[in-house]
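Novice: What shape does this take:
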Amino acid sequence: QVQLAESGGGLVQPGGSLTLSCAASGFTFSNYAMRWYRQAPGKERELAAHISRFGGTTNYADSVKVRCTISRDNTKNTVNLQMNSLETEDKAVYYCVAARIRRSIWYDDYWGQGTQVTVSS
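Specialist: From the prediction side, this is the model:
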């Protein structure tokens, strides 16, 4: 049974930091790129960060670039998103996603249930 279990969300003050973690099970973790999406209230879901199968390539949305770092540990089947200098606009539900590319198209195959991040003073 595939499972992506996010943790680490919560309430943080503006300017603070937070690290989200995702524990994967039920599939071959290293066969998948991993992503963090986020969805803020009233906004479309946004691909925040992407990391390749072995961590050699990372990509970030402009909205989080510089402030966030995605990393993975294929020995532990985990992926993290470290977020610094958090802003109120970062308030969202953050989703961990396992993705694969097939015939040049990325597919988001597996989704976690999400973890809430709230940035407020």
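
Novice: Excluding covalently adjacent residues, which one is nearest to Asn84?
Specialist: Of all residues not flanking Asn84 in the chain, Ser17 sits nearest, at 4.8 Å (C-beta to C-beta, 6 or more residues apart in numbering). No exception for glycine: its C-beta is placed from N, CA and C like everyone else's.

Novice: Which pLDDT value does the model give that neighbour?
Specialist: Ser17 is assigned a pLDDT of 97 by the prediction.

Novice: Look up how far Met83 lies from the residue nearest to Ser121 when sequence neighbours are not counted.
Specialist: Nearest non-adjacent residue to Ser121, counting by C-beta to C-beta, 6+ apart: Gln13, 5.4 Å away. As judged by C-beta to C-beta, to the nearest Å, Gln13 and Met83 stand 13 Å apart.

Novice: Neighbour count for the two, which is higher?
Specialist: Met83 (27 against 11; other C-beta atoms under 10 Å).

Novice: Quick check: phi and psi at the residue most central in space within the chain.
Specialist: For the chain, the residue nearest the mean C-alpha position is Trp36 (2.2 Å; C-alpha atoms, centre = their mean). For Trp36, the backbone dihedrals (degrees, to the nearest 10) come out as phi -120, psi 120.

Novice: Am I right that it is in contact with Ala48?
Specialist: Yes. If you go by C-beta atoms under 8 Å, Trp36 and Ala48 touch, sitting 4.8 Å apart.

Novice: any shared contact partners between these two?
Specialist: Residues touching both Trp36 and Ala48 (C-beta atoms under 8 Å, 6 or more residues apart in numbering) are Leu81, Tyr94.

Novice: and the longest strand for this structure?
Specialist: Using DSSP state E to define each element, the chain has its longest strand at strand 92-102.

Novice: contact partners of it?
Specialist: 2, 4-6, 9, 20, 22, 24, 27, 29, 31-41, 43, 45-46, 48, 50, 79, 81, 106-117.

Novice: Perfect, that will be all.
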